[in-house]
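Visitor: Attaching a predicted model along with its sequence, questions to come.
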Amino acid sequence: MTQEYELISLIKKSNNIVYFGGAGTSTESNIPDFRSQDGLYSLKYKYPPETMLSRSFFDQHTEEFFGFYKDKVLYPDAKANKAHIALAELERMGKLKAIVTQNIDGLHQLAGSESVIELHGSVHKNYCIDCNAKYDLDYVIASEAIVPRCRECGGIVRPDVVLYEEGLDQLIMNAAKDAIEASDLLIVGGTSLVVYPAAGLIRYHKNNQIVLINKSETKYDNRAVLRFDEAIGELLDRVVCNI
Ligand code: ZN
């Protein structure tokens, strides 16, 4: 039996699948992982992405923060790829109960998924740091000034995403833990599982049915019942067609 056939059979038997995803889920939508540094960053920016996306940098260099954010983090024209679409289909079939994602691009919802737990927030949610008024992504993009300002009070409108040096929302963490704990099959895709809290969260899965889809090795490979190193979208698209 091929690995792919085994995955199909696992999914057929499961009724509480959780997908835990990282940046690799969105690479087929041409959103690069900003953590994977390429030469362009070092040519164009004085600081590494982790510095430019930190809370202290936001506070002290707000204009540079938004310059980098709009240039390298926002991909407003990105489309859902085969991975997002296949996962949304698994949810409609009643098999997948939650997606826990480290991504902030909102592409799972764009593909039609409803149960999405966004550990690091979303670029689609923005708020005024003074009066808490809420704004969508279009408002931030349409802002002529580099730093978007609140139309009510003039305060800075920041993305509701977790910056480096900031803590994760405890309610969202608990929802992720509960979903993973209840899962009968945990599919982990596009994350090397080194960034907090990924590695800690997957320990809550109790059923010993972990499937890993990642281009490179992870330190959890030995805990997985199946391990794939191909593109997530290509694989899930073929698999879901056979459920
Ligand atoms: Zn305001």
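Guide: All right, it came through fine.

Visitor: what residues does the chain put near the ion?
Guide: Neighbours of the ion within the chain, by Cβ under 5 Å from the ion: 128, 130-131, 133, 150, 152-153, 155. No exception for glycine: its C-beta is placed from N, CA and C like everyone else's.

Visitor: List only those of those flagged as buried.
Guide: Neighbour-count burial (16 or more other Cβ atoms under 10 Å) applied to these gives 128, 150, 155.

Visitor: Helices along the protein, start to end?
Guide: In order along the chain, the chain carries the following helices (DSSP state H): 3-13, 39-44, 49-52, 55-60, 62-68, 82-92, 107-110, 137-142, 170-182, 198-202, 232-241.

Visitor: Mind telling me which of those helices the model trusts least?
Guide: Ranked by mean pLDDT, the helices of the chain bottom out at helix 39-44, with a mean of 56.

Visitor: Please report how far the most centrally placed residue in the chain lies from the ion.
Guide: Nearest residue to the geometric centre of the chain (Cα atoms, centre = their mean): N103, 1.8 Å. Note on N103: its distance to the ion, by Cβ to the ion, to the nearest Å, is 27 Å.

Visitor: Also A176?
Guide: 30 Å.

Visitor: residues in contact with that residue?
Guide: For A176, the contact set (Cβ atoms under 8 Å, 6 or more residues apart in numbering) comprises 100, 117, 119, 201.

Visitor: switch the cut-off to 10 Å
Guide: Applying Cβ atoms under 10 Å, 6 or more residues apart in numbering to A176 gives the contacts 18, 20, 98, 100-101, 117-119, 168, 197, 201, 204.

Visitor: quick revisit: filter the buried ones among the residues of the chain next to the ion down to the ones in strands?
Guide: The members of these that map onto strands under DSSP state E are C128.

Visitor: Kindly reformat the buried ones among the residues of the chain next to the ion as CSV and extend each row with distance to I172.
Guide: Listed next are those as CSV, based on distance: Cβ to Cβ, whole Å:
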residue, distance to I172
C128, 21
C150, 24
G155, 24
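
Visitor: With distance to E234 and pLDDT as added columns, please give the buried ones among the residues of the chain next to the ion in CSV.
Guide: Output for those, formatted as CSV (distance: Cβ to Cβ, whole Å; pLDDT from 0 to 100):
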residue, distance to E234, pLDDT
C128, 42, 98
C150, 43, 98
G155, 45, 98
